[in-house]
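Peer 1: Quick one: sequence plus predicted model below, questions after.
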Amino acid sequence: MKKQFPAFIAVLAIGFFFLNFTAQNESITLAADGSKFEIPDNVKQIIDNSCFGCHNIESKNDKAKKKLLFDELGELKTHKLVGKLADISDVVGEGEMPPKKAIERFPSIKLSDEDRNILKEWAAKTAEELTSK
Amino acid sequence: MKKKTIWIGLLAIILIIQLIPSGKPEVERNNPDDLLQNNPVPEKVGKLLRAACYDCHSNESNYPWYAYVAPVSFLVYYDIRHGRDELNFSDWNTLGKIEQAKLLDEIGEAVEEEEMPLPIYPPLHPEARLSDADRQLITDWADSFAESLFE
């Protein structure tokens, strides 16, 4: 029994190591039905800066919340997720989002052309990947 | 005398605006890629879509008499052009899976939130007045149909 104790600690340590490893690797997210999709750090940064303010569960903007919640993307089933991603790609690409009024109030959320393109391409590509699986 | 001139002027304006080309969206009854022709949409849902959506969201628009009279015609034609642009059920089967998933998500949302049909439409089209149960039926169908695309 005594001999087993160090082994037990070792197993725990290895377990924690892997848990930690997975936790750090945030960019892979799971849809409700198990599909995997990735939000790379640069995209996450753009979303945090320009979209998350309205599209999060705590937001006071009810319309934005109903349309899309970035903190609950992983809870959508694949078909919903693909629909939302395609919509993101469209509205970001066409410059509908972020809305002009929101930019007037919070100028820092404005997307540069480069960031707009990164976000648009990411959403379109991820929708494609989820569809071709 | 003055009143008479105003009336004649008004009549003249109305007559003249009838001559402005209004770009009436064409009607086409033969649509091989139509949603309802190619997909197993439940009968009741199909009827609701036809009654409440197809006038603007398909090539099978039914024009009431007043839709031919300017300036009402301008508004009607604008709505139909815009509606077909966003979503045209007559072309459904030409769309890819991603576009279909996006539209089905938007259909569910717009119908649930009572954004659609546009508020101006049901008063003149009693068959397009959707009950809560009708709306639920359409949103549920939109979700399950989208899900079936990914099975």
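Peer 2: Nice, thanks for sending it over.
Peer 1: Could you pull up the residues touching residue A:86?
Peer 2: A:123, A:124, A:127, B:98, B:99, B:101, B:102 (CB atoms under 8 Å, 6 or more residues apart in numbering or on different chains). For every residue, glycine as well, the C-beta is placed using N, CA and C.
Peer 1: Please, where are all the helices along chain A?
Peer 2: Taking DSSP state H as the test, the helices found in chain A are A:4-24, A:41-50, A:62-67, A:78-93, A:100-105, A:113-132.
Peer 1: picking up where we left off before, ok, so of the contacts of residue A:86, who is nearest residue B:38?
Peer 2: Checking the contacts of residue A:86 against residue B:38 with CB to CB, the nearest one is residue B:99 at 15.2 Å.
Peer 1: For the closest one, give its distance to chain A.
Peer 2: 7 Å (CB to the nearest CB, to the nearest Å).
Peer 1: quick one, the helix or strand harbouring that residue and helix A:78-93 angle?
Peer 2: Assignment of secondary structure by DSSP states H and E places residue B:99 within helix B:97-112. Angle of helix B:97-112 versus helix A:78-93, following axes from the mean of the first three to the mean of the last three CA atoms, to 10 degrees, is 90 degrees.
Peer 1: So which elements touch helix B:97-112?
Peer 2: If contacts are counted by 3 or more CB pairs under 8 Å, 6 or more residues apart in numbering or on different chains; DSSP states H and E, helix B:97-112 sits against helix A:78-93, helix A:113-132, helix B:132-149.
Peer 1: Using TSV, lay out the ones you listed together with distance to residue A:59 and mean pLDDT.
Peer 2: Shown next, in TSV, are the helices and strands packed on helix B:97-112 (distance: least, CB to CB, whole Å; pLDDT from 0 to 100):
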stretch	distance to residue A:59	mean pLDDT
helix A:78-93	16	97
helix A:113-132	19	96
helix B:132-149	23	98
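Peer 1: would a markdown table of those with distance to residue B:60 be doable?
Peer 2: Compiled in a markdown table, the helices and strands packed on helix B:97-112 are given as follows (distance: least, CB to CB, whole Å):
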| stretch | distance to residue B:60 |
| --- | --- |
| helix A:78-93 | 25 |
| helix A:113-132 | 29 |
| helix B:132-149 | 18 |
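Peer 1: nearest to residue B:7, of these?
Peer 2: Nearest of these (CB to CB): helix B:132-149, 44.6 Å.
Peer 1: For that closest one, which helices and strands make contact with it?
Peer 2: Using 3+ CB pairs under 8 Å, 6+ apart: helix B:132-149 touches helix A:78-93, helix B:43-52, helix B:97-112.
Peer 1: and those helices, which is most packed in?
Peer 2: For those, the largest average neighbour count (mean count of other CB atoms under 10 Å in any protein chain shown) is found in helix A:78-93, namely a mean of 23.
Peer 1: if we can go back for a sec, in TSV, list the helices and strands packed on helix B:132-149 along with distance to residue A:52.
Peer 2: Compiled in TSV, the helices and strands packed on helix B:132-149 are given as follows (distance: least, CB to CB, whole Å):
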stretch	distance to residue A:52
helix A:78-93	13
helix B:43-52	35
helix B:97-112	20
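Peer 1: For residue B:30, which of these is the nearest?
Peer 2: Per CB to CB, nearest to residue B:30 of the helices and strands packed on helix B:132-149: helix B:43-52, 15.9 Å.
Peer 1: For chain A, which residues are neighbours of chain B?
Peer 2: Neighbours of chain B within chain A, by CB under 8 Å from any CB of the partner chain: A:66-67, A:77-80, A:82-84, A:86-87, A:90, A:127-128, A:131.
Peer 1: Most proximal residue of chain A with respect to chain B?
Peer 2: Closest residue of chain A to chain B, CB to the nearest CB: residue A:83 (3.3 Å).
Peer 1: Which residue is the nearest non-sequential neighbour of the residue in chain B that chain A sits nearest to?
Peer 2: Chain B approaches chain A most closely through residue B:105 (3.3 Å), counting by CB to the nearest CB. Excluding its sequence neighbours, the residue lying closest to residue B:105 (CB to CB, 6 or more residues apart in numbering or on different chains) is residue A:83, at 3.3 Å.
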